[in-house]
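# mind looking at a prediction? Sequence and model below.
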Amino acid sequence: MALLEVDHVYKTYKDGTRSLTVLNDVSFTINKGEFVCIVGPSGSGKSTLLRMIAGLDRPSQGEIRYRGQPINGVTDRIAVVFQSFGLFPWLTVKENVALGLEAKGIPRPEREKIASKYIDKVGLDGFEEAYPRELSRGMKQRVGIARALAMDPELLCMDEPFSALDAFTAQNLREEVLDLWLDVTLPVKSVLMVTHGIEEAVFMADRVIVLSKRPAHVLADVKIELPRPRNMRDQAFSTVVDKIYSLLF
Ligand code: ADP
């Protein structure tokens, strides 16, 4: 069943007399249960696409549907994790995680319960009262993930979530995000992750959607059939990575 349908989407930014077409007829679907990565060159419109899916921007042409309904704004079924963490420095970990819950009208005791549950899920128990400045980058991104999960989303969108992290932290978090996606006690059904890392995409995804350079269109939609857990040093892994590289370069 298609959870998300991106249907012939175009996006042109207009700035006075200049215009920049970023997306040029992009179509794909994401089914329930899938982990999908979008890869493409820098500036190809990946973040733009994610922002439109999250309801933060609109296509110039075409339509994006969630469970068959056009997306016309932010919905709590879709949550986003940003590369830059997006934490409020004056709020504690718990307050950052609970932020969206207040907007949903959930009373304080319930908010705190939900926030604590997801702080535990991402391995940050004991840091509820810490402030972002006291946390490492990896821990900050865990807070970002907990905040997204606390919104109870079915579709979790991630925009280059590991690119500001060192290699070890990034790999740990990749594995943990896969565990969270497979955790049947969580509402998350599908994950859509934008990355410029082809290895990262092949490590994580069921499908990799390859975008061309700007104005972007879909060059390929590659099913990754490697068994999990995947090993980046396997020959079969390298073969799939090479195939995607050859589409882009
Ligand atoms: P990617 O995530 O693939 O690197 P982006 O979606 O961030 O690409 O950006 C694609 C292009 O669109 C870039 O050239 C960027 O400068 C431009 N762009 C992004 N957002 C805006 C905006 N709000 N107004 C004008 N141009 C924008």
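Cool, the structure landed. Residues are numbered from 1 along each chain as shown.

# C-alpha only now, for contacts and for neighbours.
Noted.

# show me what the host helix or strand of residue 143 is packed against.
Following DSSP states H and E, one finds residue 143 within helix 137-150. Where contact means 3 or more Cα pairs under 8 Å, 6 or more residues apart in numbering; DSSP states H and E, helix 137-150 is packed against strand 78-81, helix 93-103, helix 108-121, helix 167-182.

# and after it, which helix or strand comes next?
Using DSSP H and E, the helix or strand that follows helix 137-150 towards the C-terminus is strand 155-159.

# report the buried residues of that next one.
155-159 (16 or more other Cα atoms under 10 Å).

# now swap in stretch 43-50 and tell me
44-50.

# likewise stretch 240-249?
240-241, 244, 248.

# same question for it, mean pLDDT?
Stretch 240-249 shows an average pLDDT of 95 in the prediction.

# can you confirm whether it lies near the ligand?
No. For a cut-off given as Cα under 6 Å from any ligand atom, stretch 240-249 has no contacts with the ligand; the smallest distance is 13.5 Å.

# just want the most central residue of this protein.
Nearest to the mean C-alpha position of the chain, counting by Cα atoms, centre = their mean, stands residue 158 at 1.5 Å.

# and for the spatially closest residue to residue 129 that is not a sequence neighbour, the neighbour number?
Leaving aside its chain neighbours, residue 129 sits nearest to residue 92 (5.3 Å; criterion: Cα to Cα, 6 or more residues apart in numbering). By other Cα atoms under 10 Å, the residues close to residue 92 number 19.

# contact partners for residue 92?
Shown in contact with residue 92 (Cα atoms under 8 Å, 6 or more residues apart in numbering): 128-132.

# what's it sitting at in phi/psi?
Dihedral pair for residue 92: phi -70, psi 170, per degrees, to the nearest 10.

# residue contacts, residue 42?
Contacts of residue 42 by Cα under 8 Å, 6+ apart are 196, 213.

# same check on the one 4 residues further on?
Applying Cα under 8 Å, 6+ apart, we find residue 46 in contact with 38-40, 194.

# give me the subset of these that lies in strands.
Within the contacts of residue 46, residues falling in strands by DSSP state E are 38-39, 194.

# on that earlier part again, any idea which of the buried residues of stretch 240-249 is the one closest to the ligand?
residue 248 (13.5 Å; Cα to the nearest ligand atom).
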